[in-house]
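**Student:** okay, predicted coordinates and the sequence, questions at the end:
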Amino acid sequence: MNNTPAVKILLIVFLLFIGCAQPQGTLPQYNQQLSIEEQKIQNQLFADSWLKTYIDVSENGLNILFNAVDLCRDEDQIYGIGVDIATRYDGPESIRAELTKSLFLSDEITVVATGINTPARIAGFKKGDKIIKINNMSAPYGIDANSEFYKIIREAENKIHKFVINRDGQDLIIEVGSKKRCRFGFFVDLDNSTFNAFADGNYIALSLRMAKWLAQDEIGIALVFAHELAHNANRHIDDKKTNMQAGAGVGLLLDIFARSQGVQTDFMNMGANMGAMSYSIDYENEADYLSIYALALSGYDINDAANFWRRFAVEVPSSIYSKGGSHPSTSERFVRIEKTIKEVYAKINNGEKLLPN
């Protein structure tokens, strides 16, 4: 008999298999094709859920990018009209076909959203409008239409643009003037398990789970978007990178000294982490402070902004007493924001320009 190890392993697996208990019931016959069809239905439902959330973020985000533009530096300001557009080539790849179906996308530019208070909304643009012409020229078309469209708008300063749009089969003319906005982009990723939002210096990002929860709160999306905008506007990400490099530099010197004594260390990595965390809570407090001004400038009722952090504490109770991490506790944020709200109303009542101290 062959006693090689491979044969022994196969014999053990076989004995385990026949020794396992099996289900006793008789199940209905399973149809693999029906399961595939059900996958399509479920993916469409997920895509529609993502789209609804994304549009909420876009409506609020565009509003803030335009109306809080004075909080952004001159070099971080561009011109726009306040439309979020798409063709069938846009959107997350895994749900692109489903988005195309829901939004009736084609090679033509379709308006997905307008900000709550933007030039496009005021001029009369609506979700679903097909953009046919811009300034008597055919509108961009096809795979590069999105980038080409924004290039046309951003190259023109304070220009009145004439659009021909198709709405429900009828061609309409809409004229809208471009206006300054903060340059930063935004997106909602497909992560439905992580509760997170962040800024990277160029974009404002929300996880799907975070955005869906925020959408249940009247001021939630706007407040978090304004907070992340403040990080970008005040170059907090650049500052953190500088601090990280400084910490890494100090750590490297300590490593060199330690190794000259025959000791292996990793102070460089430790220093980089410590540098990146330096003033992290201060940056968060500053972003909270600036966010209230951004909301006020964008027409939101800021009276409930502090209470948002009470609701957040219910969702994330560990944030109530957080100390020594990267973010202040929700109790600290509540108290500081209440003070900021009073500061903003004092400036409004005194007829002062609504800008941070």
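**Tutor:** Okay, I see it.
**Student:** please count neighbours and contacts with C-alpha atoms only from this point.
**Tutor:** OK.
**Student:** now the strands for this protein?
**Tutor:** 77-80, 83-86, 109-114, 130-134, 137-138, 160-167, 170-177, 179-182, 185-188, 197-199, 203-206 (DSSP state E).
**Student:** and the contacts of the fifth one?
**Tutor:** When you say that, I think you mean strand 137-138. Residues outside strand 137-138 that contact it (CA atoms under 8 Å, 6 or more residues apart in numbering): residue 132.
**Student:** what does the third one give?
**Tutor:** The set of residues that contact strand 109-114 without belonging to it, under CA under 8 Å, 6+ apart, is 55, 58-59, 62, 82-87, 103, 120-121, 125-132, 139-141, 145-146.
**Student:** now the angle from that strand to strand 130-134?
**Tutor:** Strand 109-114 runs at 110 degrees relative to strand 130-134, counting by axes from the mean of the first three to the mean of the last three CA atoms, to 10 degrees.
**Student:** so what strands line up beside strand 109-114?
**Tutor:** Paired with strand 109-114 in the same sheet, following DSSP bridges, are strand 83-86 (antiparallel), strand 130-134 (antiparallel).
**Student:** of all those, which lies closest to residue 260?
**Tutor:** Evaluated over those, closeness to residue 260 peaks at strand 83-86, with 58.3 Å, by CA to CA.
**Student:** looking at the closest one now, give me its mean pLDDT.
**Tutor:** With pLDDT averaged residue by residue, strand 83-86 scores 96.
**Student:** restricting to C-alpha, output it in CSV.
**Tutor:** Coordinates of each C-alpha in strand 83-86 appear next as CSV, following Å, rounded to 0.1, in the frame of the first residue of the first chain:
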residue,chain,number,x,y,z
VAL,A,83,-23.8,71.8,-11.7
ASP,A,84,-22.8,68.3,-11.1
ILE,A,85,-22.9,66.4,-14.4
ALA,A,86,-22.3,62.9,-15.8
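**Student:** which residues touch that strand?
**Tutor:** Strand 83-86 has contacts (CA under 8 Å, 6+ apart) with 58, 62, 105, 109-115, 120, 146.
**Student:** restricted to buried residues, select the contacts of strand 109-114 in ChimeraX.
**Tutor:** Buried subset of the contacts of strand 109-114, written as a ChimeraX selection, criterion 16 or more other CA atoms under 10 Å:
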select :55,58,59,62,82,83,84,85,86,87,103,120,121,125,126,127,128,129,130,131,132,139,140,141,145,146
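**Student:** which of the contacts of strand 109-114 fall within helices?
**Tutor:** With DSSP state H as the criterion, helices contain 55, 58-59, 62, 103, 120-121, 145-146 from among the contacts of strand 109-114.
**Student:** what's the most distant pair in the contacts of strand 83-86?
**Tutor:** Longest span within the contacts of strand 83-86, CA to CA: 62 and 105, 21.3 Å.
**Student:** so what's the residue count around residue 199?
**Tutor:** By the measure other CA atoms under 10 Å, the count of residues near residue 199 is 23.
**Student:** quick revisit: tabulate the strands of the chain in TSV, adding columns for distance to residue 28.
**Tutor:** Formatted as TSV, the strands of the chain follow (distance: least, CA to CA, whole Å):
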stretch	distance to residue 28
strand 77-80	58
strand 83-86	44
strand 109-114	44
strand 130-134	48
strand 137-138	57
strand 160-167	49
strand 170-177	52
strand 179-182	58
strand 185-188	40
strand 197-199	45
strand 203-206	42
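**Student:** so which of these gets nearest residue 71?
**Tutor:** Across the strands of the chain, residue 71 has its closest neighbour in strand 179-182 (8.4 Å, CA to CA).
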